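Q: got a structure for you, letters missing:
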């Protein structure tokens, strides 16, 4: 079992990070279960494919938070490299199992970003009335959008497993630093290590593949998101004329919710993470507990879920009606209105 000396001032950040992680886990489960329940049984205007996308995204967020608690991942930068390791000391799990949790956590993170991209694609297809693209979200074709994030989830986890695997040189590089800062024995710690250069000064290409592979996967999702987002923003006013007034407002709310979904991880995680992940290649001598970034990102799923339910009036109306026992906001059109465009 891994033990840590939490009395040391150098290990206070991992302790705080664990609190963030557990709070994020509890909040993620509570709010996403509420969202799934309301979406599945009480929403009237959110139907068809988008209902399933919301539920699927919530399930991915819950899985991500569960894996974070199990893996308890932490990152530490030291000179020309960083170590990505588990601080889980309460399960008594084997190193192999903890490494698997870290790999699965990395994959779930990639799946979250893919699911955000998929939602942008669906809203783009709906707003722009791209019937061929919309047809991929119906019936058996919907499995395409389940397989899409799953592929990148497995790929991201596999890159972590094969391209950041610890070996004698990387262990020697990080051994003293890990013991000095966290009082951990590197041989007893589930870990992945990225070192920019070998002792002879040559680039360690397999570690480079991990970093640039991760960057390519995430950049591809951002490219999809930016393209769909820009197209929707440019043509939204014109295209919304094809919708009824209530559905027009709903489409605008969905778009705002998607903007929040991508803005939060960008500000909370991606922008702060970029310099620390690529700093080893600048060969700067420094030591820094960068793992706190993961703790901040653990708050993304519950914040995103709360923001979504606040932005989309369908949920606030349900809350007013079911909890506060107040009539929901009057609708111009009393008929049930789908958030999807018919593709028939």
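A: Thanks, I have the structure now. From a predicted model like this one, the values you see are computed outputs, not experimental measurements. Numbers count the residues shown, from 1 in each chain.
Q: in the helix or strand residue 15 falls within, what counts as buried?
A: Using DSSP states H and E, residue 15 falls within helix 12-41. For helix 12-41, the neighbour count (16 or more other C-beta atoms under 10 Å) marks 13-14, 17-18, 20-21, 24-25, 27-29, 31-32, 34-36, 38-39 as buried. Every C-beta, even on glycine, is put in place using the N, C-alpha and C of the backbone.
Q: Could you identify the helix or strand that succeeds that helix?
A: Using DSSP H and E, the helix or strand that follows helix 12-41 in sequence is helix 48-71.
Q: ok, then the element right after that next one?
A: Later in the chain than helix 48-71, the nearest helix or strand by DSSP H and E is strand 73-78.
Q: by contact count, what packs against that next one?
A: strand 81-86, helix 168-182, strand 287-288, helix 292-297 (3 or more C-beta pairs under 8 Å, 6 or more residues apart in numbering; DSSP states H and E).
Q: Work out the gap between the first one and the centre of the chain.
A: To tie it back to what came earlier, the one meant is strand 81-86. 19 Å (C-alpha atoms, centre = their mean, to the nearest Å).
Q: tell me the mean pLDDT over that strand?
A: In this model, strand 81-86 has an average pLDDT of 93.
Q: could you say what helices and strands it packs with?
A: Judged by 3+ C-beta pairs under 8 Å, 6+ apart, strand 81-86 is in contact with strand 73-78, helix 95-127, helix 168-182, strand 191-195.
Q: chain center to the longest one, what's the gap?
A: Mean-position distance between helix 95-127 and its chain equals 6 Å (C-alpha atoms, centre = their mean).
Q: what does stretch 148-165 give?
A: With C-alpha atoms, centre = their mean, you get 14 Å for stretch 148-165.
Q: Could you check it and say which residues are buried?
A: Applying 16+ other C-beta under 10 Å to stretch 148-165 flags 148, 149, 150, 152, 153, 156, 157, 159, 160, 161, 163, 164 as buried.
Q: circling back to that earlier point, out of the helices and strands packed on strand 73-78, deepest packed?
A: When the helices and strands packed on strand 73-78 are scored by mean count of other C-beta atoms under 10 Å, the highest mean neighbour count falls to strand 81-86 (a mean of 25).
Q: Report the angle between that strand and strand 73-78.
A: On the basis of axes from the mean of the first three to the mean of the last three C-alpha atoms, to 10 degrees, strand 81-86 is oriented at 160 degrees to strand 73-78.
Q: Report the inter-axis angle for strand 81-86 versus helix 95-127.
A: 100 degrees.
Q: Name every strand pairing with strand 81-86 and say which way it goes.
A: In the sheet, strand 81-86 lines up against strand 73-78 (antiparallel), strand 191-195 (antiparallel) (DSSP bridges).
Q: who touches that strand?
A: 2, 71-76, 98-99, 101-102, 160, 164, 170, 173-174, 177-178, 184, 189-196, 276-277, 279-280, 290 (C-beta atoms under 8 Å, 6 or more residues apart in numbering).
Q: try stretch 290-306
A: Residues from elsewhere that reach stretch 290-306, judged by C-beta under 8 Å, 6+ apart: 13-14, 16-18, 20-21, 23-25, 27-28, 30-32, 35, 58, 61-62, 64-65, 68, 73-77, 82, 112, 260-261, 264-265, 268-269, 272-273, 276.
Q: In terms of helices and strands, where is residue 261?
A: According to DSSP H and E, residue 261 maps onto helix 245-265.
Q: Rounded mean pLDDT for that helix, please.
A: Here the average pLDDT along helix 245-265 is 83.
Q: For this protein, give me the ranges with low pLDDT.
A: Scanning the chain for pLDDT under 70 picks out the ranges 1-11, 239-240, 242-243, 322-344.
Q: give me that answer again for 80
A: Along the chain, segments meeting pLDDT under 80 span 1-11, 13, 89-93, 235-248, 250-251, 268-278, 283-284, 292-296, 319-344.
Q: longest helix of it?
A: Longest helix of the chain, by residue count under DSSP state H: helix 205-239.
Q: Tell me how far that helix lies from the chain's centre.
A: The chain centroid and the centroid of helix 205-239 are separated by 14 Å under C-alpha atoms, centre = their mean.
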